[in-house]
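Participant: Below are the sequence and a predicted model; questions follow.
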Amino acid sequence: MTFDMTQDHATSDTRLLVGLFPNGAVSTAIELHRKQWWWPKGCHFPPLSRLHLTLGYLDEHEERCEERLLEALSQVRMKAFGLMLDQSGTWSNGVSVIQPAPHGQLFELRERIWSALQHADLMDLANISGWKPHITIARASERAACPAMSPIPWAVSEIRVVRSHFTTPFRHEHLASISARHGLRRLSASLH
C-alpha cells in the first residue's frame, strides 16, 4: 500500500499522536497478560503494532501542523528511563488498560513535550485534559474479568510521532521518532 505524503491532512479525520510504543518483548508480555483475561463477546482488541502509551495528541486541522509539531519536538531531549507496567483493569467507559507504576521521568517527559508545544503556539490544537498514563488493550469490554498482573518492565528510549487515521480500517502512520541516542528522525511512511 502506498500513501501520498503530500496529501493535505488538514481537512481529513486525522490526529497527530505523540506516544511511547512498546518494543517486541514488552508487546509480547502485554499480549500474554491480555490472553489471561476473560473477555465478553463484542470486545475490540487493538493489534500489537498499535499498542502505545499516549503522551498527547493534536487535532490536525491546520496546514503545516505536522511540520510545526516536529519542529517543536526537535527541542525535546529524550532521556532513556524504565517503566514498570503493573496495573490492569477496565475503566467505567468500557476501555481495558494496562498502567505503569507512577514514575517521575514519565511525567517530566510529558511536561517537556507540552512546554515545547506551548512555545510553538500549538496548545490550541492539543488535547491535554485528564491524562492518565495507560496502554489500551481492549475496547467495548465492560464486563471483562481481569486476573492479577505480573509486572512488565519496559525500557523506554524513544518517542514516536504518528498520524492516526480515523478511517475504516483505523490506521497509524509512523512519521518520526525521538530517541535518546539519535534525537529526532523522520521515518519512512509505514501504515499499521
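Facilitator: Alright, I've got the coordinates.
Participant: May I have the longest helix along the chain as PDB, with CA atoms only?
Facilitator: Once the chain is assigned using DSSP state H, the helix that runs over the most residues is helix 104-119. Presented in PDB, the C-alpha positions along helix 104-119 are these (Å, rounded to 0.1, in the frame of the first residue of the first chain):
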ATOM      1  CA  GLY A 104       8.700  10.900  37.700                       C
ATOM      2  CA  GLN A 105      10.600  10.800  34.400                       C
ATOM      3  CA  LEU A 106       7.400   9.900  32.500                       C
ATOM      4  CA  PHE A 107       5.600  13.000  33.900                       C
ATOM      5  CA  GLU A 108       8.800  15.100  33.300                       C
ATOM      6  CA  LEU A 109       8.900  13.900  29.700                       C
ATOM      7  CA  ARG A 110       5.300  14.800  29.100                       C
ATOM      8  CA  GLU A 111       5.900  18.200  30.700                       C
ATOM      9  CA  ARG A 112       8.800  18.900  28.400                       C
ATOM     10  CA  ILE A 113       6.700  17.900  25.400                       C
ATOM     11  CA  TRP A 114       3.800  20.200  26.400                       C
ATOM     12  CA  SER A 115       6.300  23.000  27.100                       C
ATOM     13  CA  ALA A 116       7.600  22.700  23.600                       C
ATOM     14  CA  LEU A 117       4.100  22.700  22.200                       C
ATOM     15  CA  GLN A 118       3.200  25.800  24.200                       C
ATOM     16  CA  HIS A 119       6.400  27.600  23.000                       C
END
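Participant: in this structure, which helix or strand is least confident?
Facilitator: The weakest-scoring helix or strand in the chain, judged by mean pLDDT, DSSP states H and E, is strand 126-127 (a mean of 65).
Participant: Flag every buried residue along the helix or strand just after that strand.
Facilitator: Using DSSP states H and E, the helix or strand that follows strand 126-127 towards the C-terminus is strand 135-138. Residues of strand 135-138 classed as buried by neighbour count (16 or more other CB atoms under 10 Å): 135-138. Bear in mind the C-beta positions are built from the backbone N, C-alpha and C, glycine included.
Participant: give me every residue that touches Leu73.
Facilitator: 18, 113, 116, 159, 161, 176, 178, 184 (CB atoms under 8 Å, 6 or more residues apart in numbering).
Participant: wait, doesn't the fourth one sit right on Ile178?
Facilitator: Yes. Taking CB atoms under 8 Å as the definition, Ile159 is a contact partner of Ile178 at 4.3 Å.
Participant: what is in contact with those two at once?
Facilitator: Residues touching both Ile159 and Ile178 (CB under 8 Å, 6+ apart): 73, 76, 78.
Participant: if I look at Glu31, how far off is Pro102?
Facilitator: Distance of Glu31 to Pro102, given as CB to CB, to the nearest Å: 24 Å.
Participant: Looking at those two, which has the bigger crowd around it?
Facilitator: Neighbour count, other CB atoms under 10 Å: between Glu31 and Pro102, Glu31 has more, with 14 against 10.
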